[in-house]
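A.B. asks: how would this look folded up:
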Amino acid sequence: MVQPEGQGVKSSGTAQSKPVTDYVSGLSEESRMLVILKAQLYGGSWEPMLDDLRNRLAGKPYIFKLANRIQDDIERIEQLSQFENENRVDLANFVHIP
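C.D. replies: Residues are numbered from 1 along each chain as shown. Presented below is the predicted three-dimensional model:
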């Protein structure tokens, strides 16, 4: 098994590809927080989190206040989700949850 290097990366118990390890190592703190929130508050799914953010922008009820920069978070989530889909991984398995 390949062990990841760098702070903030944890092993999921499976072999990890270098592109995934490199991607996770390069995540901003904001992106890491979104991955953690996805895992802890939204059942591992991006869609409910995106719904919350879009509802907040539209002035509708929302579950959790993520940040003041909602559009930035939506863009981050779309990028993170695309990476997960392309690489068939759940980034929550690689980001350290304190």
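A.B. asks: I'd like the mean pLDDT over the helix or strand where Asp72 lies, please.
C.D. replies: Secondary structure assignment for Asp72, by DSSP states H and E: helix 70-87. Averaged across helix 70-87, pLDDT comes to 91.
A.B. asks: what's the spacing between it and its chain's center?
C.D. replies: 7 Å (C-alpha atoms, centre = their mean, to the nearest Å).
A.B. asks: Looks like Ile70 contacts Gly59 (just checking).
C.D. replies: No. Counting by C-beta atoms under 8 Å, Ile70 sits too far from Gly59 to count as a contact (11.8 Å). In this view, the C-beta of every residue, glycine as well, is placed from N, C-alpha and C.
A.B. asks: Among the two, which residue is more densely surrounded?
C.D. replies: Per other C-beta atoms under 10 Å, whichever of Ile70 and Gly59 has more neighbours is Ile70, with 16 against 7.
A.B. asks: got the angle for the helix or strand hosting Ile36 vs helix 70-87?
C.D. replies: Using DSSP H and E, Ile36 sits within helix 29-41. Interaxial angle, helix 29-41 versus helix 70-87 (axes from the mean of the first three to the mean of the last three C-alpha atoms, to 10 degrees): 70 degrees.
A.B. asks: other SSEs contacting helix 29-41?
C.D. replies: Judged by 3 or more C-beta pairs under 8 Å, 6 or more residues apart in numbering; DSSP states H and E, helix 29-41 is in contact with helix 46-57, helix 70-87.
A.B. asks: mean confidence for that helix?
C.D. replies: 91.
A.B. asks: Okay, buried residues for that helix please.
C.D. replies: Of the residues in helix 29-41, 31-39 count as buried by neighbour count, 16 or more other C-beta atoms under 10 Å.
A.B. asks: Now render these as JSON lines, adding distance to Tyr23.
C.D. replies: Formatted as JSON lines, the buried residues of helix 29-41 follow (distance: C-beta to C-beta, whole Å):
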{"residue": "Ser31", "distance to Tyr23": "10"}
{"residue": "Arg32", "distance to Tyr23": "12"}
{"residue": "Met33", "distance to Tyr23": "16"}
{"residue": "Leu34", "distance to Tyr23": "14"}
{"residue": "Val35", "distance to Tyr23": "11"}
{"residue": "Ile36", "distance to Tyr23": "16"}
{"residue": "Leu37", "distance to Tyr23": "18"}
{"residue": "Lys38", "distance to Tyr23": "15"}
{"residue": "Ala39", "distance to Tyr23": "16"}
